[in-house]
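Trainee: Quick one, what's the 3D model for this:
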Amino acid sequence: MAHYADRVVCVALCQGAALHFLDGKNGVKDFDVWTFFAKHPNERLQAEQRKAHGNFGPSKFGRSPADAGYIGRRIDFLMRSIDCQPDAGPLEAISQCLAAGATVSAKALAMKAVVVIEPAHLRGRVVWPVK
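Mentor: Okay, here's the model as predicted:
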């Protein structure tokens, strides 16, 4: 993972919660937070490094009955490397990745929405769907 420390392109809220952010109607089952990294030329992100879970805690979204043991909504932290340079513009890099639809995860993410969390100066900007 050390090879990816300086390759973060963007952290984003994705899928259903991001769609809810846009339309206020979709509802929130859980929060899918993706960190996108510029692909390293010599190192792959290992499968066991790509997913973790957390607890959002008490919130206006309540608690999902399907997530026993959580105080609030579950957060899924996911990681993905994408084919871009480390200094790529986050909006362009992510939208190009989703538009290409070259991976299963890119196709799945493109079905809903992606909203920037980090970098802070882009927080709340919609990456997908492209307008």
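
Trainee: From here on, just use CA atoms for contacts and neighbour counts.
Mentor: OK.

Trainee: Any figure for the gap between residue 53 and residue 32?
Mentor: Per CA to CA, to the nearest Å, residue 53 is found 9 Å from residue 32.

Trainee: between the two, who's got more neighbours?
Mentor: Each of residue 53 and residue 32 had its neighbours counted (other CA atoms under 10 Å), and the higher figure belongs to residue 32 (21 against 13).

Trainee: tell me the contacts of the more buried one?
Mentor: Listed by CA atoms under 8 Å, 6 or more residues apart in numbering, the contact partners of residue 32 are 13-17, 75-78.

Trainee: any idea which helix or strand comes after the helix or strand of the chain with the lowest mean pLDDT?
Mentor: Ranked by mean pLDDT, DSSP states H and E, the helix or strand of the chain with the weakest confidence is strand 51-55, at a mean of 81. Beyond strand 51-55 on the C-terminal side, the first helix or strand identified by DSSP states H and E is strand 74-82.

Trainee: Can you list the strands that that following strand pairs with?
Mentor: Take DSSP bridges as the rule and strand 74-82 pairs in its sheet with strand 31-38 (parallel), strand 51-55 (antiparallel).
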